[in-house]
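Student: Compute the structure for the input listed below.
(one chain, ligands or ions: 1)
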Amino acid sequence: MDSFVKMEQVTFTYDNNTILNKINLTLKKSKSYALIGKSGVGKSTLLHLLAGLLIPTEGEVLIEGNRIQHPSKDIGFMFQDLGLFPWLKVCDAISMPIKLDKRKSKQEIKEKVTALIREVGLSGMEHKYPAELSGGQKQRVALARTLITEPELLLMDEPTSTLDEMTKEQIQQLISEQVEKRQTTLLFVTHNIEEAVLLGEYILLLRDNGDIETIANPLFGVDRAKENLSFYKACIDVRKRLAVVQE
Ligand SMILES: Nc1ncnc2c1ncn2[C@@H]1O[C@H](COP(=O)(O)OP(=O)(O)OP(=O)(O)O)[C@@H](O)[C@H]1O
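Tutor: As a prediction, the model looks like this:
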């Protein structure tokens, strides 16, 4: 289906404060989208609406034609603060979203968790608590916990904003590999233009008035090191457009 997710004339109001006004947005299946825009414009609110964590004041949010009215296992959400419980070990945090699924046996869950732990590079860390992990390792746990339900739509709020440069690149690489392998539709919010150009096949620029400009990104997935010049030219271009939006 060409339009996998659709927002139609979506307005969202907190008390009397209208944050998003008549937003229209289409996401295609298995594509990745970077959502950028100035602080306070409503990026996180838009993500929460897509996750079913907020309900539009007006308009509709649809996934494959069905209205999103509550969170579901088909929509994964990685929060900015990760939301890891301090008392849950890595393996328990990752298995938590599928533990209550009666269709899965204990053995099946164990195998799935073990495979995912390996894929996200956490082998050997299974029995560690969040306090014993680095920022990048916590990010890997949060990613694995989100992926365990095999969501068709993956939403991420500033997935690497708290990480140092080296770790950021490793996590960006991991996200890119996992999304590619699973053919997941990805929408992530970022303030980092390099990240938007690296991971977003399309860049969505959210304006104050609710317009969303969609920029097709010809440098999506390029090797930053090999295509250094064109990569940074593309970043400058997006930055200029963002500056226009911010004026
Ligand atoms: N629970 C809430 N109640 C009332 N107003 C809220 C609530 N959450 C967010 N807002 C307001 O909604 C507006 C949009 O917030 P949102 O977090 O969606 O913006 P954002 O674009 O993600 O910002 P940033 O880039 O700074 O994270 C802000 O003005 C914020 O103060």
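
Student: What degree of burial does Met166 show, as a neighbour count?
Tutor: By other CB atoms under 10 Å, the residues close to Met166 number 9. All C-beta atoms are positioned from the backbone trio N, CA, C, and that covers glycine.

Student: Which positions in this structure make contact with the ligand?
Tutor: Tyr14, Ile19, Gly37, Ser39, Gly40, Val41, Gly42, Lys43, Ser44, Thr45 (CB under 6 Å from any ligand atom).

Student: residues in contact with the nearest residue to the last one once chain neighbours are set aside?
Tutor: Closest residue to Thr45 apart from its sequence neighbours, by CB to CB, 6 or more residues apart in numbering: Ile19 at 5.1 Å. In this structure, Ile19 makes contact with Phe12, Thr13, Gly42, Thr45, judged by CB atoms under 8 Å, 6 or more residues apart in numbering.

Student: In PyMOL, how would I select just the buried ones from the residues you listed?
Tutor: In PyMOL, a selection of the buried entries from the contacts of Ile19 looks like this (16 or more other CB atoms under 10 Å):
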select buried, resi 12+42+45
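
Student: list the buried ones in stretch 218-236?
Tutor: Leu219, Phe220, Val222, Phe231, Ala234, Cys235.

Student: What is the least confident helix or strand in this structure?
Tutor: In the chain, the helix or strand scored least confidently by mean pLDDT, DSSP states H and E is helix 228-246, which has a mean of 79.

Student: contacts for it?
Tutor: Counting by CB under 8 Å, 6+ apart, 36-38, 193-194, 196-198, 203, 205, 207-208, 213, 215, 217-219, 222, 224 sit against helix 228-246.

Student: before we move on, what about stretch 103-117?
Tutor: Stretch 103-117 is contacted from outside by 90-91, 94-95, 98-99, 101, 123, 125-126, 144, 147-148, using CB under 8 Å, 6+ apart.
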